[in-house]
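Chemist: this is the structure alone, sequence omitted:
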């Protein structure tokens, strides 16, 4: 039997470093929001023969007064252009200018007005808030019968800590990717992160459930051993589940095409850190908390 | 045969029907082959296509924001707006367009397969907005003219006109102000000919509410002009220079109170002009202004096709990888779970068609994700079974215990995911909604397949013989 809680201080430090790095990346670089959140235009084109250089494209569009135009190559002959919000007439002019450079096929065009972007940001924040509340509430409810030796709301709080851990780390990675590789936070990525919220709780629930069962079976003494025992029992399942999910996600990352690529990446990072945190953070935290309380009780002699 | 065998056969039939329904090509080709070879006349399985979102089949999505500041009955105006735009869009010849009210004042228009966006936007946005304006009080007129001068002076000096107090006043028509009567109350416009001059005229018919308004407005404006604007411009060319511009102003003097809701637009216009005005009014006098789209998304047909193919390829490889893993780790139960997983895919796809669920790229992402998660319940159960066998329990008892003891965790964790799906569905936009629906549906079906189907399989296939072949478990 592996003693998971023995070295919990090391796991806390490891996660702490990751979280601090993520927060640092987030505050230094910020998140690069896609145009669906910030408003603007996004245009995906494919040039028929040879792709003009970025400078040539910039030059061609200069006269149209588009402000800053970001050009990113996609594939061998394609490019993605981003600029301020334009109306349909201007959109057609841009297309005409590009066609003067080289025969251009437009693959997609997206324009998001500023109010729509703002609204979407608000909605997303609301969704995340609701999800967090609902999940904590549900876990507290699910564990209401196990209030000794650790009260049920503590399961909820540790799950919540693990949740922040699981969300912060992918966000940090995306802050870095955004800074250095122009990867943007888009709606699919938000969907992925919200799924991580739900999914990472799976692991916690399975483990907590086993703890609940073992407490009922073995009595309340030796809480730490019970937690360790439960972690060992569920380890195989934890690894298997994460592995099968990662299998489909890896397939999606490599084969699923441009839009789903970073969606899959967000899930891969989130689910991996979720599996880690449920074993090495959430359950050990319960034990640490329990020990601290026991210590206090021993000292004061009161409950 | 025992009861479990009947259930087993039922599951197999369900799986086959779901499989053929979700992908009828193989079956129908086979039937065609048999029919042509042997001369049978077996019926084909009816084909029902998947409903694909715009991002997968290509097309245009436009979102408009209606200006409801003038409207008294906001939701009523919106539904009239939707109906009018729907008529316009139908005239465009699009298959299965979507025109939907979103929130309070948004209108979503989806035109699958349309590539000429410019034309589409013109057809939708340039629908005429009919308004009847009455004369302003002289004091008001003076106020606006003064403000215009003030703003002009600031502008000439190169100053910021938005700093001028009440500067928006300068944008208004100094002589006329809008009344409550708009194209919303129009039921019909038609061309008729004056009895004596034989000149064409446009006859307007209002509904009851409009008729009342029109009577009020004419009553309080007797001997005064009443201006009629179409899209903020004069409805007909009054200066006779061949174009409608700011010089034109169609403002007939009201002779008497008009009851009955009939109005006539006369003037020096050709037969053709009269017809075009009438038809523009008929096909869509918009109840409220919508302007240009506040968001627009155009997806070319090839991009959607490529996305669809790629995500499906990814899904198939993912499915194969999961099946291999399950067989390698959990052997015979793993194999049975893999078959249950394939049935799961067939049932879910069939449900997508049946409900129908509009499949977007995010939706397919959610579905593929659910394939990976679907085996979680099985893994929990099998891991538990192995433990029970290790603890020395008999096979059938171990299977029972595995299902029984794993259930609370399965229930809690899946319920939790469903909560997240529900929140995503309620709060989020259409893109995430598609994801929430497929993932949520996937979770529900996976519970059925992982618990019910796998259990039946285990009960049917694992009998006493397996006691001697425990390596298979």
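Modeler: It's in. Here the structure is a predicted model, which is why all the values come from computation and not from measurement.
Chemist: can we go C-alpha only for contacts and neighbour counts from here?
Modeler: Fine.
Chemist: near residue A:10, how many other residues are there?
Modeler: A total of 12 residues lie near residue A:10 under the criterion other CA atoms under 10 Å in any protein chain shown.
Chemist: just the one 4 residues further on next, same as before
Modeler: Residue A:14 sits with 11 neighbouring residues when counted by other CA under 10 Å.
Chemist: go on, the one 10 residues further on?
Modeler: Taking other CA under 10 Å as the criterion, the count of residues near residue A:24 is 14.
Chemist: helices of the chain, start to end?
Modeler: In the absence of a named chain, this looks at chain A. A:8-29, A:35-38, A:54-62, A:88-101, A:114-142, A:152-181, A:187-218, A:223-255, A:258-277, A:283-300 (DSSP state H).
Chemist: the chain in question should be chain B.
Modeler: Under the criterion DSSP H, chain B contains helices at B:3-22, B:25-38, B:54-57, B:74-91, B:117-125, B:138-156, B:208-220, B:271-284, B:301-354, B:361-390, B:395-427, B:430-447, B:454-461.
Chemist: and those helices, which one is worst for confidence?
Modeler: Within the helices of chain B, the least confident segment by mean pLDDT turns out to be helix B:271-284, at a mean of 69.
Chemist: any residue of stretch A:253-265 up close to chain B?
Modeler: Yes. Shown here: stretch A:253-265 in contact with chain B (CA under 8 Å from any CA of the partner chain) through A:254, A:255, A:256, A:257, A:260.
Chemist: now, which of those residues sits nearest residue B:144?
Modeler: Of all the residues of stretch A:253-265 next to chain B, the one sitting nearest residue B:144 is residue A:260; the distance, using CA to CA, is 55.2 Å.
Chemist: I figured residue B:57 hits residue B:112, correct?
Modeler: Yes. With contacts counted by CA atoms under 8 Å, residue B:57 reaches residue B:112, the gap being 7.0 Å.
Chemist: let me see the domain layout of the chain.
Modeler: You didn't say which chain, so I picked chain A. Domain assignment for chain A by automatic domain parsing gives A:8-34+A:116-300, A:40-112.
Chemist: try chain B instead
Modeler: Here chain B is described, according to automatic domain parsing, as comprising the domains B:3-51+B:300-472, B:59-136+B:175-299.
Chemist: flag every residue of the stretch 51-200 of chain B that's near chain A.
Modeler: Counting by CA under 8 Å from any CA, the residues of the stretch 51-200 of chain B that sit close to chain A are B:117, B:118, B:121.
Chemist: can you pick the most crowded of those?
Modeler: Scoring these on neighbours with other CA under 10 Å, the highest-scoring entry is residue B:117 at 19 neighbours.
Chemist: the nearest residue to residue B:114 once chain neighbours are set aside: neighbouring residues, count only.
Modeler: Using CA to CA, 6 or more residues apart in numbering or on different chains and skipping the chain neighbours, the partner closest in space to residue B:114 is residue B:59 (4.9 Å). Burial of residue B:59 is recorded as 23 neighbouring residues (other CA under 10 Å).
Chemist: stretch A:122-131 close to chain B?
Modeler: Yes. Stretch A:122-131 is in contact with chain B by CA under 8 Å from any CA, via A:123, A:124, A:126, A:127, A:130, A:131.
Chemist: can you check these and name whichever has the most neighbours?
Modeler: Among these, residue A:131 has the most neighbours (other CA under 10 Å), with 24 neighbours.
Chemist: which ones are touching that residue?
Modeler: When the contact criterion is CA atoms under 8 Å, 6 or more residues apart in numbering or on different chains, the partners of residue A:131 are A:194, A:197, B:419, B:420, B:423.
Chemist: turn those residues into CSV, including distance to residue A:75 and neighbour count.
Modeler: Listed next are the contacts of residue A:131 as CSV, based on distance: CA to CA, whole Å; neighbours: other CA atoms under 10 Å in any protein chain shown:
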residue, distance to residue A:75, neighbour count
A:194, 30, 24
A:197, 33, 27
B:419, 39, 19
B:420, 35, 26
B:423, 36, 21
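Chemist: how about these, which pair is most distant?
Modeler: Using CA to CA, the contacts of residue A:131 reach their maximum pairwise distance at A:197 and B:423, which is 11.9 Å.
Chemist: what sits against residue A:41?
Modeler: Counting by CA under 8 Å, 6+ apart, residue A:41 touches A:35, A:82, A:83, A:84, A:85, A:86, A:109, A:110, A:111, A:112.
Chemist: thanks a lot, see you next time.
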